[in-house]
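task: produce atomic coordinates for the following.
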Amino acid sequence: MQTMKNAVELQDRRPILSTLWIFLALNYLFADVYALFFDPVLQKDATQQRLSGHVGSIQITQEFVLLTAIVLETALVMVVLSRVLPYRANRWSNIIVGLFQTAFAATNLVGETFPSLFAIFFVAIELVCTLFIVWYAWTWPRPEGAMLTRA
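Sure thing, here's the model as predicted:
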């Protein structure tokens, strides 16, 4: 009976982690779309700002665009990896990528200007979600009978 309970625990965490990554990626996209339509800083001379290579206090460089692409892509990749990786690799990838995503989300709260209230709201959701992913993966018990080999 205990073996069946652990097998269920192993299976239950995969879809929940995958769903959390979907939620996070959608939150990133929705926050960006929302900002494009409703952020007064972005609305004011938005085309001129983009042409000058700055949006608000952020300088838009190839490196910045690459970093934001990596952040979004790692969240999307984790949707699949959370479902297919074996236990140990799954657990550690969720912890490591979750911490990376948490750090990136936290950087949105610092800068030259105080972020808008809706930006703080979205960042708070991102922080709660990524910290929950890290905690949920960290507390994921090893399934009974799992091999102790390095993965």
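
pull out the buried residues from stretch 100-114.
101, 102, 104, 105 (16 or more other CB atoms under 10 Å). Bear in mind the C-beta positions are built from the backbone N, C-alpha and C, glycine included.

what helices or strands is the host helix or strand of residue 136 leaning on?
Secondary structure assignment for residue 136, by DSSP states H and E: helix 117-138. Identification of packing neighbours for helix 117-138 by 3 or more CB pairs under 8 Å, 6 or more residues apart in numbering; DSSP states H and E yields helix 2-38, helix 87-107.

so what touches the shortest one?
Contacts to helix 87-107, defined as CB atoms under 8 Å, 6 or more residues apart in numbering, come from residues 10, 14, 17, 24, 71, 74-75, 78, 81-82, 85, 123, 126-127, 130-131, 133-134, 136-138, 140, 142-143, 146, 151.

that helix - what's its average pLDDT?
Mean per-residue pLDDT for helix 87-107: 96.

tilt between that helix and helix 117-138?
Here the directions of helix 87-107 and helix 117-138 differ by 160 degrees (axes from the mean of the first three to the mean of the last three CA atoms, to 10 degrees).

returning to what we had before: need the helices and strands packed on helix 117-138 in a markdown table (columns: distance to residue 60).
Below are the helices and strands packed on helix 117-138 laid out as a markdown table (distance: least, CB to CB, whole Å):
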| stretch | distance to residue 60 |
| --- | --- |
| helix 2-38 | 13 |
| helix 87-107 | 16 |
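
which of the ones you listed is buried the deepest?
helix 87-107 (a mean of 18; mean count of other CB atoms under 10 Å).
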